[in-house]
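Asker: Fold the following and give me the result.
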Amino acid sequence: MRSFARFPRALTPRRALAVTLLGGALAGAGAGAATAATAAASVSQASTVATHSSTSHNITAQLDAASRVQARAAHPLTTWSAIIHAAAGHARGPLPAADRLLPAQVSGPQSQMSLDSAQWANATTIVQQAMAKHMGLRSAVIAVATAMQESQLVNIDYGTYDSLGLFQQQPDMGWGTAAQVTNPAYASDAFLTGLAQYQASNPGWASQPLWQAAQGVQKSAFPYAYAKWEVQAAHIVASVAKGMF
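Answerer: Predicted coordinates:
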């Protein structure tokens, strides 16, 4: 989709970073951070669409299991060290919304797509970039859902106007060269840098509907379209994160 906001050239994304154990630990901790109430609300809405019932069940099981760990917590997680302990099963308190898969209620009916190995590889790259930038699980879910809508997680070399790649980023809007935006790591980092800008101006971003944060970066003509991939995106991020540590 065409982005109508020029990406600031002063914020050219850095190259892909190696994923660390620390990022992986955050992923594991975030996968268990949503409350039982949030999980129940998400599944209630998601269950109206039969195509993703299995995904909803898997997400619910993960969130419920981690909620039981958090129920024993006494202190808030305020450091990366505490998050690592949480990933190891020794939580010390509830994670902030930014480190949860589903901190807010899912918006509207959900859809699901089958992924091949190339699509999974692209999703993995997106999650790795979010973790390397220490942006937390919610940012990873937003990024994966956005790419699902924009390209179905396929690194395509065509699109509306001159849009290219996983996020349909336009070279003439300052996102990078054609070669750069069709590099999954670069494209992911570019989107996440734009998302970080949005987050800085919107302190409550993690509790907003997913589509709102995605639209804050993409400036799409169809802003609500991102919402339908949220549950599957959360499942994908949880699955990828589990293999990162």
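
Asker: Quick check, residue 213 in contact with residue 142.
Answerer: Yes. Assessed by Cβ atoms under 8 Å, residue 213 is found in contact with residue 142 at 5.1 Å. (Each C-beta comes from the backbone N, C-alpha and C, glycine too.)

Asker: of those two, who's got more company?
Answerer: Neighbour count, other Cβ atoms under 10 Å: between residue 213 and residue 142, residue 142 has more, with 32 against 25.

Asker: residues in contact with the more buried one?
Answerer: Residues in contact with residue 142 (Cβ atoms under 8 Å, 6 or more residues apart in numbering) are 195, 210, 213, 214, 233.

Asker: got it, and residue 141?
Answerer: By Cβ under 8 Å, 6+ apart, the residues touching residue 141 are 101, 102, 210, 230, 233, 234, 237.

Asker: Only C-alpha atoms, please: export the helix or strand that contains residue 239 in CSV.
Answerer: Per DSSP states H and E, residue 239 falls inside helix 230-242. C-alpha atoms of helix 230-242 as CSV (Å, rounded to 0.1, in the frame of the first residue of the first chain):
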residue,chain,number,x,y,z
GLU,A,230,-3.5,-9.7,14.8
VAL,A,231,-4.2,-13.1,16.3
GLN,A,232,-2.2,-15.0,13.7
ALA,A,233,0.6,-12.5,14.0
ALA,A,234,0.7,-13.0,17.7
HIS,A,235,0.9,-16.7,17.2
ILE,A,236,3.7,-16.3,14.7
VAL,A,237,5.7,-14.1,17.0
ALA,A,238,5.2,-16.5,19.9
SER,A,239,6.4,-19.4,17.8
VAL,A,240,9.4,-17.6,16.4
ALA,A,241,10.4,-16.2,19.8
LYS,A,242,10.3,-19.7,21.4
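
Asker: Okay, now the unreliable bits of the chain?
Answerer: 1-94, 244-245 (pLDDT under 70).

Asker: Next, please give the residue ranges for the helices of the protein.
Answerer: Secondary structure of the chain, counting by DSSP state H: helices at 21-31, 36-46, 53-70, 80-87, 117-132, 136-151, 178-181, 184-201, 210-218, 230-242.

Asker: helices or strands up against the last one?
Answerer: When contacts are defined as 3 or more Cβ pairs under 8 Å, 6 or more residues apart in numbering; DSSP states H and E, helix 230-242 sits against helix 21-31, helix 53-70, helix 117-132, helix 136-151.
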